[in-house]
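>>> okay, structure incoming, though there's no sequence with it:
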Ligand SMILES: Nc1ncnc2c1ncn2[C@@H]1O[C@H](COP(=O)(O)OP(=O)(O)OP(=O)(O)O)[C@@H](O)[C@H]1O
């Protein structure tokens, strides 16, 4: 009761205050204040000020004050309420329409009630449709949209053409209502018998022109949007490729691929389809507004006031219907639960002979659903009925008002017919604009995720520019310590210092997990050491140009990755304009030529995904050929011959090791036969260099290396072969 009485008391107080203020101003002996327009403005401003003062000094401080009076929204609504009467009176005056009724009667109950209704409507519409600031989200959306549009800038000329055709096509669509109106006038006047046929001809020509424009526009637009999609997709791909290896350690491949493909697809689909519709309908609304205004500004104003009503009613009836649908679904799910439970415990039901009891329980549940279904059916009927009724009511009102204007000779009958036809198009165009806006927002949402990748700065120092003509291949690790970004607390390498000399084979050995592969990863610049330096020919590897560095440091890993391309392309991977002869020579050195020639399509044979169509040993030989083709200064072999049989291993190793005079070779090997061939052996244990020297020296020291060799020998022993190699 209090909730109803308070607003009524408030309105009553407002009426009294308004009358009082108006009379006080009229009573002041200043001629300007006696002028009705001046009076209406001053009274309204004083009315607004009075409420603002009450809002700040009373409502905000009063403990018992209702919440609706304390909100900032109340102040804004009040300002709208106070400004409606003076604005309306001024607007009418500017349009040279008689405004005496408003000027002299605005304070009457009827006008003030109308102002209250209009304000309530404005507040509801504002809350529903205005873009409210939602923290930084709106700002972010705006920024993303601007950025998205910036990708369209290179194709701006195409968009100008598109807009031109959109305008032509939209204008063309106005032809049918326009000529229908004109024909009505001619039929009514019966003055010009040929007018009908000339109108039909004009209508046909313009409609055809409009259709052609639409076709051209759609074509250019869709082609342009595909181009933009491709541009964004390749930009995202490039940005991802730029990232440091640690990024790929943490982000899942699925996530990355989804960003590049699904998100960009969602974005461009929404943009190309929905944005084009938005653009289309927006242009239509602009053209229709122009035509409607040119026919009758009064009818246009009437439509503009009536439109929000036909949106609000379906909105609320739709919400009610939606809530009911959810209830029906829940009740159905409950009934299903009963059925599932009964069938899963059928033996218990049978043994207690409770079939009838369960059947009744199920029927009771269905009864509940049926009741809700009945309400839902009524709600659906009411909802569709109110929807069509509200739009019908608007049309009837427009017709009624239009008829009045026709009788007062304000508009012709033809204009009224044309206006009604325009209004039909206008309403549906506005509906499309409102319903498609969320889709564009969705596209912007998808683009935000994409931009996250594009904006991500790789956590690596930028590559240098050094690319000297000759490189010896001298590598030195100076007090290098490193922990993987994913496990920053575990130091994997601790103060490692080692050297690789040109013309030497250096073997890196150590127990599993001692950090051998990590050393290679740092050398390849997959990660950056936390402390210490890695030098190539006395210069930090960070100083070298990215491509140059990776051409000079060639890596063959234990499980080499091949691409689903031809063997030739795999060997020449990353080399521009490779020569087939060089590819074949590299393959011969790697003992791969023979098996490649035996393949069905030779060097053109597809290696399959990740080289899946080749055996482990064949993959390794292709990978070795890939490394040798680069003529590297530092060759890194991470257990690269592990999958080869003894004979192939011997052949490949002799080919590789014969090149040692040209470069430094670093091998990680688990086979004694490989380690023995090394000029120098570096022993790693728990991330530290614990021993260095030749095979002979280290064996004599009887330290970690000696123990390691013992283990290797036992391993060979257990396998029952190659024992002799260890001696
Ligand atoms: N990407 C990674 N993120 C976190 N920790 C890692 C990563 N890669 C390796 N490690 C850890 O670093 C340590 C050294 O690994 P590394 O691969 O360098 O050893 P390794 O000596 O080459 O071993 P193996 O002989 O078994 O290949 C191990 O404890 C391993 O768990």
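Alright, I've got the coordinates. Because the structure is a prediction, the values reported are computed rather than measured. Numbering: from 1, shown residues only.

>>> near the ligand, which residues of the protein?
By CB under 6 Å from any ligand atom, the part of the chain that sits against the ligand consists of 249, 484, 486-487, 492, 510, 512-518. Using the backbone N, CA and C atoms, a C-beta is placed for each residue, glycine as well.

>>> could you turn the buried ones of the residues you listed into a PyMOL selection?
Selection of buried members from those for PyMOL, criterion 16 or more other CB atoms under 10 Å:
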select buried, resi 492+510+514+515+516+517+518
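
>>> in CSV: the residues of the chain next to the ligand, plus pLDDT and secondary structure.
Below are the residues of the chain next to the ligand laid out as CSV (pLDDT from 0 to 100; DSSP: H, G, I helix; E, B strand; the rest coil):
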residue, pLDDT, secondary structure
249, 78, helix
484, 90, coil
486, 81, coil
487, 85, coil
492, 91, strand
510, 87, coil
512, 84, coil
513, 86, coil
514, 87, coil
515, 89, coil
516, 89, helix
517, 88, helix
518, 91, helix
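
>>> specify which member of the residues of the chain next to the ligand is nearest to residue 58.
Using CB to CB, residue 486 is the member of those that lies nearest residue 58, at 60.4 Å.

>>> got a list of what the residue nearest to the closest one when sequence neighbours are not counted touches?
Spatial nearest neighbour of residue 486, excluding adjacent residues (CB to CB, 6 or more residues apart in numbering): residue 249 at 5.5 Å. Contact partners of residue 249, counting by CB atoms under 8 Å, 6 or more residues apart in numbering, are 484, 485, 486.

>>> and the gap between residue 249 and residue 19?
To residue 19, residue 249 is 76 Å away according to CB to CB, to the nearest Å.

>>> can you check residue 199 too?
Residue 199 is 57 Å from residue 19, by CB to CB.

>>> and the two? Which one has more around it.
A direct count of neighbours by other CB atoms under 10 Å for residue 199 and residue 19 places residue 199 higher, at 19 against 14.

>>> just the element for the more buried one, please.
helix 195-242 (DSSP states H and E).

>>> looking at the stretch 251-400 of the chain, which residue is nearest the ligand?
residue 251 (12.8 Å; CB to the nearest ligand atom).

>>> tell me the phi and psi of that residue?
Dihedral angles of residue 251 (phi, psi; degrees, to the nearest 10) stand at phi -80, psi 140.

>>> cool, and residue 682?
Per degrees, to the nearest 10, the backbone of residue 682 is at phi -110, psi 130.

>>> quick one: contacts for it?
498, 506, 507, 508, 509, 689, 691, 692.

>>> looking at these, which is nearest the ligand?
The closest of the contacts of residue 682, once distances to the ligand are taken by CB to the nearest ligand atom, is residue 508, at 8.3 Å.

>>> about what we covered before: against which helices or strands is the helix holding residue 199 packed?
helix 156-173, helix 175-189, helix 264-269, helix 276-295, helix 413-455 (3 or more CB pairs under 8 Å, 6 or more residues apart in numbering; DSSP states H and E).

>>> make JSON lines out of those helices and add mean neighbour count and mean pLDDT.
Formatted as JSON lines, the helices and strands packed on helix 195-242 follow (neighbours: other CB atoms under 10 Å; pLDDT from 0 to 100):
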{"stretch": "helix 156-173", "mean neighbour count": "17", "mean pLDDT": "82"}
{"stretch": "helix 175-189", "mean neighbour count": "18", "mean pLDDT": "74"}
{"stretch": "helix 264-269", "mean neighbour count": "20", "mean pLDDT": "76"}
{"stretch": "helix 276-295", "mean neighbour count": "18", "mean pLDDT": "83"}
{"stretch": "helix 413-455", "mean neighbour count": "19", "mean pLDDT": "78"}
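
>>> can you redo those helices as CSV with distance to residue 673?
Output for the helices and strands packed on helix 195-242, formatted as CSV (distance: least, CB to CB, whole Å):
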stretch, distance to residue 673
helix 156-173, 65
helix 175-189, 88
helix 264-269, 51
helix 276-295, 68
helix 413-455, 46
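
>>> can you say which of these is nearest to residue 229?
helix 264-269 (3.7 Å).

>>> return the distance of the closest one from the chain's centre.
8 Å (CA atoms, centre = their mean, to the nearest Å).

>>> now swap in stretch 158-167 and tell me
Here stretch 158-167 shows a centroid-to-chain-centroid distance of 26 Å under the convention CA atoms, centre = their mean.

>>> stretch 558-569 now?
33 Å.

>>> what about residue 231, distance to residue 148?
12 Å.

>>> er, residue 430 actually
Noted for residue 430: a distance of 24 Å to residue 148, by CB to CB.

>>> for residue 227, same thing?
14 Å.

>>> looking at those two, which has the bigger crowd around it?
The neighbour count for residue 227 versus residue 148, taken as other CB under 10 Å, is higher for residue 148 (22 against 14).

>>> so what's the more buried one up against?
By CB under 8 Å, 6+ apart, residue 148 lies in contact with 267, 271, 443, 444, 447.

>>> okay, now the unreliable bits of the stretch 551-700 of the chain?
Scanning the stretch 551-700 of the chain for pLDDT under 70 picks out the ranges 642-644, 647-648, 651, 655, 658-661.

>>> strands along that one, start to end?
Using DSSP state E, counting those that start in this stretch, the strands of the stretch 551-700 of the chain run over residues 553-556, 634-638, 664-668, 680-685, 688-693.

>>> pretty sure residue 68 sits against residue 74.
Yes: the pair residue 68 / residue 74 is scored as a contact, 6.1 Å apart, by CB atoms under 8 Å.

>>> looking at the two, which is more packed in?
The neighbour count for residue 68 versus residue 74, taken as other CB under 10 Å, is higher for residue 74 (17 against 14).

>>> tell me the helix or strand right after the helix or strand containing the more buried one.
Using DSSP H and E, residue 74 falls within helix 72-94. Tracing the chain past helix 72-94, the next element assigned as helix or strand by DSSP H and E is helix 100-105.

>>> so what touches that next one?
36, 37, 40, 85, 88, 89, 92, 111.

>>> what do you get if the cut-off is 10 Å, keeping everything else the same?
With CB atoms under 10 Å, 6 or more residues apart in numbering as the test, helix 100-105 has contacts from 35-37, 39-40, 85-86, 88-93, 108, 110-112, 114.

>>> output the longest helix belonging to the protein.
helix 355-407 (DSSP state H).

>>> residues touching residue 514, list them.
492-493, 508, 683-690, 704, 708.
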